[in-house]
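Got a sequence here, can you model it:
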Amino acid sequence: MTLLSISPKTQPNPWSVLRLRLVQFDTSTREQTHLAAEEFGISAELIASVLADEFVRRDGWDLIQEGLVRLGLHLQGRVARRYWQMLEAACGRPVTTFSLGRAQMKTGTLRSLGALGYLSLPETTQEELHLLFDVQQAPRLVAACLRATADHWALHSVSIEHRADVLATLYSLGLSGTRGVHPAPEASARGEAIAQHADWLATTTFREVTERQADVHVGRKIAS
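Residues are numbered from 1 along each chain as shown. Below you'll find the predicted structure:
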């Protein structure tokens, strides 16, 4: 298996790293993050950093998109079918390509992880959408995706198991990235920022899941 020590092409600007530190996690999210880390063998700090990155990148369109999808989940029968058709027509793409929830994961990605055996999925599309919106499941979805990515590259004899920067880069690009599996993957500035934040979290009290810390409101807070 090929071991890598490749420097990233692009270093992140300081703000892209510092803004991740504004994201705070409540006790429940921390607990779920550590459980997901144990289940999938992925650093809890990396999982949390991916969640933080997705959180700070949410914009008005993301909120509108998620609001429209949530509305559709309350509809039934013919009305629901017509609503989804109209929504997809207006957006120009299927709902399965929408990035949703705390993990900002697509239904298509969720199904791929299920097909590969990393997750047990519900039977209906509506239940899958509910799963994506479940804040308690977000750390597990991220961890499953990162584990699947590391395993996918390992199958091609390229080890990125301990390359947090590369794993973070691939989280938003797919298992193989844009170039496919190759022996010299490089992190993007975004992936490097996430990895640097994970290193910073490892020096903090992130592992100490206490109610006292959960009650401290600094910056923006991911809460259930």
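
and residue 172, how far is that from residue 130?
Remark: distance between residue 172 and residue 130 (C-beta to C-beta, to the nearest Å) = 23 Å. For the C-beta atoms, the positions are set from N, CA and C on the backbone; glycine is no exception.

okay, the two: which has more neighbours?
When neighbours are counted by other C-beta atoms under 10 Å, residue 172 and residue 130 differ, and residue 172 comes out ahead with 18 against 15.

Now the more buried one: closest residue in space, sequence neighbours ignored.
Nearest residue to residue 172 in three dimensions, chain neighbours excluded: residue 190, at 7.2 Å (C-beta to C-beta, 6 or more residues apart in numbering).

Neighbours of the one you found, how many?
Neighbours of residue 190 using other C-beta under 10 Å come to 19.

Ok, the one 3 residues further on next?
A count of neighbours around residue 193, defined by other C-beta under 10 Å, yields 27.

begin at 49 from here
Done: numbering now begins at 49, and the last item shifts to residue 241.

would it count as being in a helix?
Yes - going by DSSP: H, G, I helix; E, B strand; the rest coil, the assignment for residue 241 places it inside a helix.

Let me see the confidence value for it.
Looking at residue 241, its pLDDT is 96.

Which secondary structure element is home to the residue nearest to residue 152 when sequence neighbours are not counted?
For residue 152, the nearest residue in space outside its immediate sequence neighbours is residue 102; the separation is 4.2 Å by C-beta to C-beta, 6+ apart. Assigning secondary structure by DSSP states H and E places residue 102 in helix 92-105.

Let me see the ranges of the helices in this protein.
62-66, 75-88, 92-105, 108-120, 125-139, 155-163, 173-181, 186-203, 212-219, 237-250, 259-262 (DSSP state H).

Which of those comes out lowest on mean pLDDT?
The weakest mean pLDDT among the helices of the chain belongs to helix 259-262, with a mean of 40.

so residue 239 makes contact with residue 211?
No - checked against C-beta atoms under 8 Å, the pair residue 239 and residue 211 is beyond contact range at 9.1 Å.
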